[in-house]
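**Student:** mind looking at a prediction? Sequence and model below.
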Amino acid sequence: MDPASDQRLAPAVNASLFVGAFVPQGTAASASGPSQLVLVLDDVRSGPSPVRSAEFAAIKKRFAHELGSAQPGCDLPDRVCGQLRLPDGGQVYTELFNIRGRVAMVSSTVHSATDSTSLLRKSVQTFVDRLRIDNAP
């Protein structure tokens with residue numbers, strides 16, 4: 001998938017560094033694409049300097065503002081997460097976390113009328129855990 005040419009990915013990637021788009025194993029597919037997608041991004045909006053605790057606190061505030069009326073689902077010193085319902089019925093669950101001075105953003109989206117919070121959270125957590133293991137100090 002190319003975020004430069006895929007109209008679904010371009011708004012989600014925006015100016016961030018695109019790491020990859022993944023389809024979890026067992027995900028159903030339709031003519032328009034997979035029913036679930038996980039995006040991994042390097043959120044570069046904080047700039048080129050390493051992100052420390054004080055800077056990450058500001059990033060968490062920005063994330064809460066971006067969620068609008070939805071409240072963050074978790075608020076820990078090195079991570080923040082939240083879920084949004086989209087106007088078209090889809091759901092997005094996102095975690096931002098500080099990993100060695102960089103802000104990683106992992107989002108999972110699904111288009112389903114039923115509540116898919118646990119499915120989305122599990123998919124994101126798989127990638128968060130792997131990134132943390134691969135980037136341990």
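**Tutor:** Cool, got the structure.

**Student:** when you work out contacts or count neighbours from here on, use the C-alpha atoms and nothing else.
**Tutor:** Noted.

**Student:** this protein: strands as residue ranges?
**Tutor:** All strands of the chain, identified by DSSP state E, fall at 17-22, 29-30, 33-34, 36-42, 74-76, 79-85, 90-99, 102-111.

**Student:** for the residue nearest to Leu39 when sequence neighbours are not counted, give me its contacts.
**Tutor:** Among residues not flanking Leu39 along the chain, Ala21 sits closest, at 4.6 Å (Cα to Cα, 6 or more residues apart in numbering). Neighbouring residues of Ala21 by Cα atoms under 8 Å, 6 or more residues apart in numbering: Met1, Leu37, Val38, Leu39, Val40.

**Student:** what about the second one, how many residues nearby?
**Tutor:** When counting by other Cα atoms under 10 Å, one arrives at 20 neighbours for Leu37.

**Student:** what residues are up against it?
**Tutor:** Ala21, Phe22, Val23, Pro24, Ser108, Thr109, Val110.

**Student:** if we use 7 Å, what do you get?
**Tutor:** Residues near Leu37 by Cα atoms under 7 Å, 6 or more residues apart in numbering: Ala21, Phe22, Val23, Ser108, Thr109, Val110.

**Student:** so where's the chain shaky on pLDDT?
**Tutor:** The chain contains residues with pLDDT under 70 at 1-16, 26-34, 113.

**Student:** got the angle for the longest helix seen in it vs strand 36-42?
**Tutor:** If you go by DSSP state H, the chain has its longest helix at helix 117-134. Calculated by axes from the mean of the first three to the mean of the last three Cα atoms, to 10 degrees, helix 117-134 forms an angle of 40 degrees with strand 36-42.
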